[in-house]
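S.K.: no letters, just coordinates:
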């Protein structure tokens, strides 16, 4: 395979064997083709599972001394490439702690060619908390296109759709569309409250 096997499993190269095994089983449960009814998603999930299995087998061979390492070909792994999974995990922590400026700065430091579906999802989360709903939606769209069977990304996109519908029900009062500054502030306060009490469900909360 032509991908860093550690990145495929979402673990660092310093992860223990147990951590790698746990990550493998978690991904196998998540992307098992039998979970998907849609034929298109089932086919993509099958491809993902193949990558996961190949990555897990490669790491086991590397650690058993059967391969020297990955070099971009079938010979194996020779070093780390791309932005590490631990880096994105740190950005998630910053977002969870409400440190959006720090999270945005960290995201901006990720090289353009390493901005994968996870990058767009996290960028969308930062934009969402800043109130930039249109740009957040575009980021979630991109994340879903890059990893269409990731349920977390799809839920985020669905949340934006429900938010849009909620604003439409309230009279098309979207920020910048016949909406006063006072209205915008009130809705942002409502959004923050909803995110804390019910996971951002504006329809049931506001």
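M.R.: Noted; the coordinates are in hand. What you see is a predicted model, and the numbers here were worked out from it, not measured in a lab.

S.K.: correct me, but residue 24 touches residue 54?
M.R.: No: Residue 24 lies out of contact with residue 54 (Cβ atoms under 8 Å); the separation is 11.2 Å. To be clear about C-beta, it is placed using only N, CA and C from the backbone, and glycine gets the same treatment.

S.K.: more neighbours: these two, which one.
M.R.: The neighbour comparison of residue 24 against residue 54 (other Cβ atoms under 10 Å) goes to residue 24, with 21 against 14.

S.K.: give me phi/psi at the more buried one?
M.R.: Per-residue torsions, residue 24: phi -60, psi -50 (degrees, to the nearest 10).

S.K.: measure it to residue 125 for me?
M.R.: Residue 24 sits 26 Å away from residue 125, taking Cβ to Cβ, to the nearest Å as the criterion.

S.K.: ok, now residue 99?
M.R.: Taking Cβ to Cβ, one finds residue 99 at 12 Å from residue 125.

S.K.: and for residue 151?
M.R.: In terms of Cβ to Cβ, residue 151 sits 15 Å off from residue 125.

S.K.: which one's more surrounded, the two?
M.R.: residue 125 (21 against 10).

S.K.: touching, the more buried one and residue 95? I think so.
M.R.: Yes: contact criterion Cβ under 8 Å: residue 125 and residue 95 qualify, at 5.3 Å.

S.K.: any shared contact partners between these two?
M.R.: Taking Cβ atoms under 8 Å, 6 or more residues apart in numbering as the contact rule, residue 125 and residue 95 both touch residue 103.

S.K.: identify the residues contacting the closest residue to residue 102 other than its chain neighbours.
M.R.: Once flanking residues are discounted, residue 102 sits nearest to residue 94: 4.9 Å by Cβ to Cβ, 6 or more residues apart in numbering. Going by Cβ under 8 Å, 6+ apart, residue 94 touches 100, 102, 103, 106.

S.K.: among these, name the ones in helices.
M.R.: 100, 102, 103, 106 (DSSP state H).

S.K.: show me the two of those that sit farthest apart.
M.R.: Pairwise distances among the ones in helices among the contacts of residue 94 were taken by Cβ to Cβ; the largest, 10.6 Å, belongs to 100 and 106.

S.K.: of these two, who's got more company?
M.R.: residue 106 (19 against 16).

S.K.: report how many residues lie close to residue 135.
M.R.: Other residues close to residue 135 by other Cβ under 10 Å number 15.

S.K.: make that residue 114, sorry
M.R.: For residue 114, the neighbour count with other Cβ under 10 Å is 13.

S.K.: let the chain start at 627 from now.
M.R.: Happy to do that; since the first residue is 627 now, the last one works out to residue 740.

S.K.: okay, now the nearest residue to residue 744 once chain neighbours are set aside: neighbour count?
M.R.: Leaving aside its sequence neighbours, residue 744 sits nearest to residue 714 (Cβ to Cβ, 6+ apart; 5.0 Å). For residue 714, the count of nearby residues is 19 (other Cβ under 10 Å).

S.K.: gap between residue 714 and residue 787?
M.R.: Counting by Cβ to Cβ, the gap from residue 714 to residue 787 is 25 Å.

S.K.: this completes my enquiry, with thanks.
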